[in-house]
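A.B. asks: the following block contains a protein sequence and its predicted model.
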Amino acid sequence: MSAETPSTLAGSIAPTAVVAPGLAGATAPVGDSGISPGLRSELQKAGIVATTLDAIYNTGRKHSVWPLQFGLACCAIEMISSAASRFDLARFGAEVFRPSPRQADLLIVAGTVTKKMAPQVVRLYNQMPEPKYVIAMGVCAISGGPFKEGYNVLKGIDRYIPVDVHIPGCPPRPEALIHALMTLQRKIEAQATLAPTSPGVSGTAANANPAYSRARREFPIPVYSGRDLVPPYNPEVWRPPARQNYTG
């Protein structure tokens, strides 16, 4: 198959054309929209499989998600159960729980996050290589749950690190974690691999989007001062809701 060099391999989003032998004039744009169904069908008849670089990368990524072996509270028991034979998380390629954050790309925050533990969670997240993802498992990890009014409980891990999928429940069943993993796989499948180099997208904007950059994202680690965390939240990922005055 003869083809023009796809400029997408160099990071450009300009469309190019793909021509199959014996298919005169059968060209279709290749870019953000991918390959046209008509051209893909004709190529398959000729024994040629056409795909995109994003599809190749993302297929490997979504079927080899390695969670970090890290649990906080009772939700961790359900997380462990999901890897057992009854629920078999291995069917989705995520059974390899790694003991080191250097070898993991998924952080499952399973359980209550105390203010003393929050700095360690952020530190583990910073040590994970890109691309990395976070699942908040259970209402305690999402908002503090039944311990929300406690003086030592963080009211949501999304105050310090970005969360990709939330799993409500107290605790969620292993099926809910499997459903969250499938949701994360769909998100990975839609990610872009290369950064656009068009004039409309600056380097700073490209690096700010994790789907466009391989640069490491490290967030400030909060410090427990004995009474509270400093800073109380990371403004890059979370801001307190605006106060509303109710009159009745």
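C.D. replies: Thanks, I have it.
A.B. asks: any idea which element Gln191 lies in?
C.D. replies: Assigned by DSSP states H and E, Gln191 falls within no helix or strand.
A.B. asks: which residues touch it?
C.D. replies: By C-beta atoms under 8 Å, 6 or more residues apart in numbering, Gln191 lies in contact with Asp54, Asn58, Arg61, Pro131, Ala211. C-betas here are computed from N, CA, C, even on glycine.
A.B. asks: those strands in this structure, which residues are they?
C.D. replies: 16-17, 29-30, 106-110, 133-137, 165-167, 223-224, 229-230 (DSSP state E).
A.B. asks: winner for burial among those strands?
C.D. replies: Counting by mean count of other C-beta atoms under 10 Å, strand 106-110 has the highest mean neighbour count of these, with a mean of 26.
A.B. asks: how far off centre is it?
C.D. replies: Counting by C-alpha atoms, centre = their mean, to the nearest Å, strand 106-110 is centred 11 Å from the centre of its parent chain.
A.B. asks: what's in contact with it?
C.D. replies: 65-68, 70-73, 75-76, 78-79, 94, 101, 121, 124-125, 128, 132-138, 141, 157, 161, 163, 177, 184.
A.B. asks: tally of neighbours for Cys170?
C.D. replies: By the other C-beta atoms under 10 Å criterion, the neighbourhood of Cys170 contains 11 residues.
A.B. asks: circling back to that earlier point, I'd like the strands of the chain as JSON lines, with distance to Trp238 and mean pLDDT appended.
C.D. replies: Converted to JSON lines, the strands of the chain look like this (distance: least, C-beta to C-beta, whole Å; pLDDT from 0 to 100):
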{"stretch": "strand 16-17", "distance to Trp238": "41", "mean pLDDT": "36"}
{"stretch": "strand 29-30", "distance to Trp238": "38", "mean pLDDT": "42"}
{"stretch": "strand 106-110", "distance to Trp238": "14", "mean pLDDT": "95"}
{"stretch": "strand 133-137", "distance to Trp238": "12", "mean pLDDT": "95"}
{"stretch": "strand 165-167", "distance to Trp238": "13", "mean pLDDT": "95"}
{"stretch": "strand 223-224", "distance to Trp238": "17", "mean pLDDT": "90"}
{"stretch": "strand 229-230", "distance to Trp238": "13", "mean pLDDT": "90"}
